[in-house]
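Chemist: How does the following fold in three dimensions:
(one chain, ligands or ions: 2)
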Amino acid sequence: MTHDALVQVTGVNKYFGDHHVLKDINLEVGKGEVIILLGPSGSGKSTLCRTINRLETISSGDIKIDGVSLPQEGKALADLRAEVGMVFQSFNLFAHKSILDNVTLGPRKVRGLSKTEAEDLAMSLLKKVGVDNQAHKMPAQLSGGQQQRVAIARALAMQPKVMLFDEPTSALDPEMVNEVLDTMISLAREGMTMIVVTHEMGFARKAADRIVFLADGEIVEESTPDQFFTNPQSDRAKDFLGKII
Ligand code: ADP
Ligand code: MG
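Modeler: Ligands and ions are numbered 1, 2, ... in the order given. Have a look, this model is predicted:
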């Protein structure tokens, strides 16, 4: 795996003040692999995602994206961050820009694409996520599920090597959850490398190559979805599954 690892998290620790939030995290994500991060609230899932694209600094350890260590700051950081796409619970679209402009902005500014190139790319991505007919509307005119699919298209427009999803369906009305999960499943089938935090266990079981279970800032268990859901090894995982299934 080492040679093909697209994300390599090695010995990562993170403190918020005295609070040890990530404890010696080691995680390798292979090219095309889909990792589902599970764990109780407060276990460090969001913090781990945020350290992977340096929205949070780490206290010690190393994170490599495609073999290159994440720098702490500057242009090199901006370049590397562009290789990691992130989709959050709240869609965070720019409210005063059209859907099309939301998607073209990053590629034009960061990747240096011309207006036409960026619009061609954006339209093909909006089509991929099934909202190309909404391109000229404003975000507020779209449903939550549509907005989240635009957020996915916007992240993809940066041509990231890996996509991080932090509870992408938690803020959605139930009837819109599946359209977003289906979009993510297509992306996974196309070979996108993905790290996903979710409470959608059906999706986790279907989409994951590997389940990584965090508790109290530690990776407690790592296994195939079948193993994890039918035969969890740790008491923490058994307790977690007992509460949610
Ligand atoms: P999860 O996503 O698994 O619910 P988080 O990564 O959000 O967990 O949080 C892990 C721990 O870190 C929690 O105890 C949380 O209170 C703490 N934490 C998260 N962000 C901050 C922050 N910016 N400052 C201080 N503590 C934080
Ligand atoms: Mg979280």
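
Chemist: Return the residues of the chain in contact with ligand 1.
Modeler: By CB under 6 Å from any ligand atom, the part of the chain that sits against ligand 1 consists of 16, 19, 21, 39, 41-47. Using the backbone N, CA and C atoms, a C-beta is placed for each residue, glycine as well.

Chemist: rerun at 8 Å
Modeler: Residues of the chain found near ligand 1 (CB under 8 Å from any ligand atom) are 16-17, 19, 21, 39-50, 56, 166-167, 197, 214, 217.

Chemist: what's the neighbour count on the residue nearest to residue 113 when sequence neighbours are not counted?
Modeler: Of all residues not flanking residue 113 in the chain, residue 107 sits nearest, at 4.5 Å (CB to CB, 6 or more residues apart in numbering). Residues within reach of residue 107, counting by other CB atoms under 10 Å, total 22.

Chemist: Could you list every helix and strand in contact with the one helix or strand in the chain whose mean pLDDT sits lowest?
Modeler: Among the helices and strands of the chain, helix 74-81 carries the lowest confidence by mean pLDDT, DSSP states H and E, at a mean of 75. If contacts are counted by 3 or more CB pairs under 8 Å, 6 or more residues apart in numbering; DSSP states H and E, helix 74-81 sits against no helix or strand.

Chemist: Name every strand pairing with the following helix or strand past that helix and say which way it goes.
Modeler: Next along the chain after helix 74-81, taking DSSP states H and E as the criterion, comes strand 84-87. Paired with strand 84-87 in the same sheet, following DSSP bridges, are strand 162-166 (parallel).

Chemist: residues in contact with the strand it pairs with?
Modeler: 6-7, 29, 45-46, 49, 52-53, 65, 83-89, 152, 155-156, 184, 187, 192-198 (CB atoms under 8 Å, 6 or more residues apart in numbering).

Chemist: circling back to that earlier point, which elements pack onto the helix or strand the residue nearest to residue 113 falls within?
Modeler: Here residue 107, judged by DSSP H and E, is contained in helix 99-109. Counting contacts by 3+ CB pairs under 8 Å, 6+ apart, helix 99-109 is packed against helix 115-128, helix 144-156.
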